[in-house]
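In: Here is a sequence together with a model predicted from it:
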Amino acid sequence: MTELETLERAKMYMEKLTNGINPIDGSTIPDEDVVNNVRLSRCFFYVADVLRQVIDNSGVTAQKKAKKEPFALPVEKRSGFAFSDVPITISEIVKRINDLVANENMNRLTISMVTDWLVSINILVNEMNAEGKIAKRPSPQGRSLGIGVENRTSINGPYSVVVYNREAQRFIIDNLDAALDAYRAKTENQGQPWTLEHDQCLLDLHQKGVPAGEIAVTLKRNSGAVRARLKKLGITE
């Protein structure tokens, strides 16, 4: 009997026991038999499902995915950044930085990690655009650094985009650690259990009408975690 056939038989035994059937002779197991105890039945069902997953995976147990490492880029790797003489968007800058990372088990740098830091040091500012939405735009300091706004047109009509010249690209690369440190400081509680103190602070700020993004900064988590916690506490739907 092959290993897979053994697994199939074990699964069949568990399924029969789950349904109160003797896997040896096919007879019905009396209701008072310990095998029909609800806790044992649940255990049999769980084991049968695990065996099914192993069988579906050709007899190989599934490996848990390793937790990804925080983003990091050694200084020597940064010299490989492909600077552009033509101003480019922050999404392109972030893509070129991530292209320097060979470690597939590492989280990637995100646009918000960089732009939130630029806002915190007044290189970018949050402004209301023509559609009534908040958009990041260069401050006077940012413009002097080489960050500008270009008007473009798509099939959906005209729009504007923030672009970074070579000097601004250099500024981001040279200060990448500062951006990463700011992100870590802002989200140092991310993934940590919520304490009663944090829950109380969350509720107090929410009742005062403080936006989720600002609550996240106070509690050093991301806004998604704040919204999820409010939902779990039954405060929002």
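Out: Arrived safely.
In: Could you use CA atoms for every contact and neighbour count after this?
Out: Will do.
In: Quick one: low-confidence residue ranges for the protein.
Out: Low-confidence segments of the chain (pLDDT under 70): 59-66, 188, 190-191.
In: in it, which spans are helices?
Out: Assigned by DSSP state H, the chain shows helices spanning 3-18, 38-56, 75-78, 90-98, 111-120, 140-145, 166-174, 176-186, 196-207, 212-219, 223-232.
In: So what touches the second one?
Out: Residues lying outside helix 38-56 but in contact with it, judged by C-alpha atoms under 8 Å, 6 or more residues apart in numbering, are 4, 7-8, 10-12, 14-15, 17-19, 34-35, 60-62.
In: Rebuild the helices of the chain as JSON lines, extending it with distance to residue 126.
Out: Converted to JSON lines, the helices of the chain look like this (distance: least, C-alpha to C-alpha, whole Å):
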{"stretch": "helix 3-18", "distance to residue 126": "59"}
{"stretch": "helix 38-56", "distance to residue 126": "49"}
{"stretch": "helix 75-78", "distance to residue 126": "29"}
{"stretch": "helix 90-98", "distance to residue 126": "15"}
{"stretch": "helix 111-120", "distance to residue 126": "8"}
{"stretch": "helix 140-145", "distance to residue 126": "13"}
{"stretch": "helix 166-174", "distance to residue 126": "18"}
{"stretch": "helix 176-186", "distance to residue 126": "18"}
{"stretch": "helix 196-207", "distance to residue 126": "22"}
{"stretch": "helix 212-219", "distance to residue 126": "13"}
{"stretch": "helix 223-232", "distance to residue 126": "17"}
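In: would a markdown table of these with mean neighbour count and distance to residue 151 be doable?
Out: Shown next, in a markdown table, are these (neighbours: other C-alpha atoms under 10 Å; distance: least, C-alpha to C-alpha, whole Å):
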| stretch | mean neighbour count | distance to residue 151 |
| --- | --- | --- |
| helix 3-18 | 17 | 62 |
| helix 38-56 | 16 | 53 |
| helix 75-78 | 11 | 30 |
| helix 90-98 | 18 | 15 |
| helix 111-120 | 17 | 20 |
| helix 140-145 | 16 | 16 |
| helix 166-174 | 17 | 19 |
| helix 176-186 | 16 | 27 |
| helix 196-207 | 14 | 38 |
| helix 212-219 | 18 | 29 |
| helix 223-232 | 16 | 30 |
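In: Residue 30: which of the ones you listed is closest?
Out: Between residue 30 and the helices of the chain, the tightest spacing by C-alpha to C-alpha is seen for helix 3-18, at 11.6 Å.
In: The closest one - contacts with which helices or strands?
Out: Judged by 3 or more C-alpha pairs under 8 Å, 6 or more residues apart in numbering; DSSP states H and E, the packing partners of helix 3-18 are helix 38-56.
In: where does the helix it packs on sit relative to the chain's centre, distance-wise?
Out: 31 Å (C-alpha atoms, centre = their mean, to the nearest Å).
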